[in-house]
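Novice: Just the structure for this:
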Amino acid sequence: MLASKGLRVVIIALTLSLFAFCTSVFGQATGAISGTVSDASGAAISGAKVTVTEEGTGAVRNGLTDSNGHYTLPLLGVGSYTVRVEFAGFQTSETRGVRLQVDEQRELDFKIVPASVQQTVEVTATPVAVQTANPTLGQVITSQQVADLPLNGRDFVQLATLTPGAAQETNPNSFFNGGPSSEASARGSYSLSVGGSRANSTDWLLDGNDNNELTSGAIAILSSIDSIQEFKVLTYNYSAEWGTRGGPTVLVTTKAGTNDLHGTVFEFLRNTDLDARSFFATSTEKFNLNQFGFSAGGPIKKDKVFWFGDFEQKDQRHGIPFTGLVPSLAQRTGDFTDNAFGQPNTTQLVNPYATTGTAANPVSAPFMCDSAGNALPAAPDGSQATGTPCNKIPQSLINPIGQALINLYPAPNANNAALGYNYVSEPVRTLNEGKFDFRVDATISDKDSLFARFSYDQATSYVPGGAPGFAEQGAFASNQNITNHARNVAISETHLFSPTTVNQISGGFNRIFDYITSQGTGSCYAATLGIPGANLGGNSCSLTSVSMEGGYWSLGDRGYTPFVGGTNVWMFADTLDMVRGNHDIRVGGSIRANQLNTVAVGFPSGFWVVSGLWLGEPEADLLAGLTSLAIHDQEFDGGNTGRRWKLWRPFAQDDWKVTKNLTLNLGLAWALVPPITEAHNRQADFDPATGQFLIAGQNAGSWAGVHMDKTALEPRVGLAWKPFNSNTVFRGGYSIYHDSSWNQGAQGLWQNPPYYAESDQFAFGGNCTFSTAACATRGLTPTAISMSSGFPVFTAPPNPSDFTGTILAQDTNFRQGRIQQFNFNMEQELPGQIVLTAGYAGSRGSHILEYGNNINVGSPAACGVASGYTLGCGPGGTGFSEPYLSTFPYSTISNVYDNGLAHYNSLQVKAETKSARHGIYALIGYTYSRAHDTGFSDGLGSIIGATYFPLPGWQTLDWGLSQINLNHNFTASIIYDLPFGKGRTWGNNWNAATNAVFGGWEVTVIEKATSGFPVFVIDSNNTSGVNFVNANGAAEIRPNQTCNPVLSNPSLSEWFNAACFSQPAAGELGNASRTPLSGPDFVNTDFSAMKHFAMSERAHLDLRAEFFNLFNHPQFGAPGGNGVGADFNSPTFATVNYTVNNPRVVQFGLKLVF
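Specialist: Predicted structure coming up:
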């Protein structure tokens, strides 16, 4: 519902007027051909007829030159064209093979001469060199690159990273810790980060239709490469037609039928026997792949109606190497004399039930043993008689639930103390995916053409968490079964009102359905272990998730499982293109109606964090059954939530050719996004300023008190200037974009009472023994904090006024994330049709989403601290104050705020051959960049480290290198037709046998080399007295940093100088920056060799061998062992003990092309 009738009327009227008078080219991603017609003296010729014919289908478009001799033919599909110019008394001029790429503005000038007799001058088009029409930065990936370059798993998204400034998300194995593209990575793909954008801020469009997966920000239909004509990654300062997210827009165009029957039949195979072994694996891991399919297209009615279809099946079995840390067998019995590696334990465990010191500042006493080294028995209150301090827990203090949980770990099978692991495994990941597309193109008349496509992609996968059973690498990583169903429909109609006025109207539907279960879904295993209140029936029937600190693997079932999610996006758009003199004006608008329907709660069987807070080591706390954080989620009034929001986006764009050497690009869009509603008004927002719960449909409208952001105007200003000749162009631009589709689309206010309850128990840091008054006041007693107490159960919807758990507070004046972009670059054509592009590209982000951090934390003022990092309240939590606790009962107020900041600066250099020279096509790019931010999170697993938001001065404390920062990023792709064999430089006269062996070879390579991603440094032993709960679901702080930790010669066992970090004093926060160092560099080479066997004039058979990671270069993960952050309290703090890439993998393929 709109907030006011007036605004509703404005939007409806705006929409109707735009569509009535032909309201982003939202159908197929199109281009335009324009230019100038002049005579031999350079004088403009007005009224010349310009005819453009699509060579594959025979479709014709006509135009006329204006008084300046200028013509523009807009809204043309991707393809190869013949352009013909006719004028009475002059020779007809015709250029064939004019290749128009996706979203390209192709300039083609003609000089015609008087004719003494009627004749036609025919020439073959040369590829466009420099871009003279706009300042847009990006990269077109052509059909040859898609078909010929080596692609692991035939995933075209890999090619998007050839774009300068682009990279895959920070952790290629992010699925194992709940990363942003987890659903995509289950299908072997990943999200894309470009120019400092979040990995889930990419807008994927398939033939102009929405192709986004709203739950992860990844791609919905992962198209077969045999269905892709080409695609373009738009990165900086693109037209106002595009841009609904804060990152790049990727325009993917599918193949269409032509007048000739054409297609492919293919199969690709992998087998373990030809592969190399991963660095940490004990043997070559299993890797079997069968990928097969076909594509075909042709005419239904010549020159009128065409069809194209494709099918692909992928069956994969892939062993994943894991290394991890699990408790030793002795530790599982309560004996912590030695650590997990059998070395003497340097940590003295403490008995939290026994204290020494003063009443004001109690200190936990050590455990006691007798003279024989046996643990002294514990009294009923947990205390022990005086003996010799030791590290053995009395049997009476071992909790039966903790004992059962610790025994779920697999037994250690390795012992590498230097790298911090004692368990290795190679579980097999499976994937079965089938996909197809079918497309029809029709020329209805000389004024109307129609396009329609249906796409289908279904995948089922099993993703292991690291070990059999319930041990896992992270709290979102247990053994999972995942089903993805995706459907995508697009339809578009183009109508010519006149040669200079063209309209395109489009519609589409995108749906993806996800179903995720984990190891214990449906087992009610928590009830089997006797955990009270964990299993409540229905979806609450699994094992409690236990997140272990200190580098240990976690236990239990993945959060947010079982997960059932269906996302639907309906689109409607219209664009009117009007050529008026030197102006190409486009006005239009689009609507995306988004639905996100889910059946899921965060932790339906509960969640515990075990940090070592009580006994000194996390595995000891686990055995004693003592937690430092406990959460249990319940949902009421129906398990299905239906979130709804729309994106209304009118725009106008004018590409103005001021002179023959200067083009100005002026545009404006307006991103109108009403706040999210829920299908049955099941959402509420807490407003800390008023202390009210704003409940939709009760004391607030359907937006639950959140106001609509009406400020999201998006100007686009750019220029392209040719100061000398057509071989040199200077380009620059300024643009504003908004994260319109994403900022509010992931999580929502449905997670508040009275519809949702997240009950909490929180432990203080810093010597908070059970006898401490501050802890007892908060209810932190042995009974309350014990696993045997389980979780509180709500038998009825919670009352917002007295609920004591976690609530969600969204700023009622929430604004969309705003990205300002600017670039200045020069393009120069070099000899051999090589184009060099070099320049600066940067961005500034504001109102970036900050999600999931607790705003109900103590402040220096509450503790009486004047300044500095001493933000806590002293040992034992004395004087601890939560700013909202005195007024409201809520222990944690989780934020949805828009105050994040981000900066990106880069130097980008690219060299590209615009036509194959001596059989070589090359694209080479290098980016030097720095990305900084305040650690923004979207609430879907983004890894942001320990943030100090919202403490005073948090922006200064949290500002640091972004998780997506890459200082150096080099990419190269080369396609080389070797000059041997029939029709080539050498061997044209070879006999058939010689040519069959040595002729017709093509080699291709993709080379990537980047610096390492930033590493987060955290301290899980939070002794600050400040009760954080950050977006990682833990109460982490940072250690103190006393020197530069970067080593000149780092090793796996010592990646950085750990001595530069220390534990902050009780009552203090650490002063280390959020990302003080970087992980290992990345170097990878993919190579293929392909032999063409000619079968006829129009058919050939390709045999290819592909080598991924040709030199078997291990890509090591970040120090810390878990891909999340380097924990100061973990034995893996400064070590690197896992890889994030595959070893060398060999694949063979056979493809028939006709």
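
Novice: The chain: helices as residue ranges?
Specialist: 5-20, 143-148, 157-160, 182-186, 400-406, 525-528, 618-624, 773-777, 782-785, 860-863, 954-958, 992-998 (DSSP state H).

Novice: Ranking helices and strands of the chain by mean pLDDT, which lands last?
Specialist: helix 860-863 (a mean of 42; mean pLDDT, DSSP states H and E).

Novice: In the protein, which residue is most central in space?
Specialist: Ala199 (3.1 Å; Cα atoms, centre = their mean).

Novice: shouldn't that one be in contact with Ala166?
Specialist: No. Between Ala199 and Ala166 there is no contact, the gap being 10.9 Å when judged by Cβ atoms under 8 Å. Heads up, the C-betas are built off the backbone N, CA and C, glycines and all.

Novice: Overlap of the contact sets of these two?
Specialist: Both Ala199 and Ala166 are in contact with Leu192, Ser193, where contact means Cβ atoms under 8 Å, 6 or more residues apart in numbering.

Novice: For Pro674, give its distance to Asn594.
Specialist: Remark: distance between Pro674 and Asn594 (Cβ to Cβ, to the nearest Å) = 11 Å.

Novice: What of Gly508?
Specialist: From Gly508 to Asn594 the distance is 13 Å (Cβ to Cβ).

Novice: circling back: over to the residue nearest to the centre of the chain: give its phi and psi.
Specialist: phi -70, psi -20 (degrees, to the nearest 10).

Novice: In PDB, could you pull the C-alpha coordinates for stretch 199-212?
Specialist: The C-alpha coordinates for stretch 199-212 follow below in PDB (Å, rounded to 0.1, in the frame of the first residue of the first chain):
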ATOM      1  CA  ALA A 199      28.700  -9.900  -4.800                       C
ATOM      2  CA  ASN A 200      24.900  -9.900  -4.800                       C
ATOM      3  CA  SER A 201      24.400  -6.500  -6.300                       C
ATOM      4  CA  THR A 202      24.600  -7.700  -9.900                       C
ATOM      5  CA  ASP A 203      21.500  -7.400 -12.100                       C
ATOM      6  CA  TRP A 204      21.300 -10.400 -14.300                       C
ATOM      7  CA  LEU A 205      19.100 -10.000 -17.400                       C
ATOM      8  CA  LEU A 206      18.400 -12.800 -19.900                       C
ATOM      9  CA  ASP A 207      17.100 -11.400 -23.200                       C
ATOM     10  CA  GLY A 208      16.200  -8.300 -21.100                       C
ATOM     11  CA  ASN A 209      14.200 -10.300 -18.600                       C
ATOM     12  CA  ASP A 210      14.900 -10.400 -14.900                       C
ATOM     13  CA  ASN A 211      17.100 -13.500 -14.200                       C
ATOM     14  CA  ASN A 212      18.000 -12.900 -10.500                       C
END
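
Novice: chain center to it, what's the gap?
Specialist: Chain-centre distance of stretch 199-212: 12 Å, with Cα atoms, centre = their mean, to the nearest Å.

Novice: Roughly how far does Thr1139 sit from Val428?
Specialist: Counting by Cβ to Cβ - Thr1139 and Val428 are separated by 17 Å.

Novice: Of these two, give the one with the bigger neighbour count.
Specialist: For Thr1139 versus Val428, the count of surrounding residues by other Cβ atoms under 10 Å is larger for Thr1139: 21 against 15.

Novice: So what pairs up with that one in the strands?
Specialist: Phe1116 (DSSP bridges).

Novice: ditto for the one 10 residues further on
Specialist: In this entry, Gly1149 is beta-bridged to Phe268, Arg1104, by DSSP bridges.

Novice: That one: what's it in contact with?
Specialist: Gly1149 neighbours (Cβ under 8 Å, 6+ apart): Phe266, Glu267, Phe268, Leu269, Asp1102, Leu1103, Arg1104, Ala1105, Glu1106.

Novice: The second one: how many residues sit nearby?
Specialist: What that stands for is Glu267. Based on other Cβ under 10 Å, the number of other residues close to Glu267 is 15.

Novice: Next: the fourth one.
Specialist: For Leu269, the neighbour count with other Cβ under 10 Å is 15.

Novice: Tell me the pLDDT of it.
Specialist: Leu269 carries a pLDDT value of 95.

Novice: Which residue, neighbours along the chain excluded, lies closest to Tyr456?
Specialist: Using Cβ to Cβ, 6 or more residues apart in numbering and skipping residues adjacent in sequence, the residue nearest Tyr456 is Phe436, 5.3 Å away.

Novice: Good, we can wrap up now.
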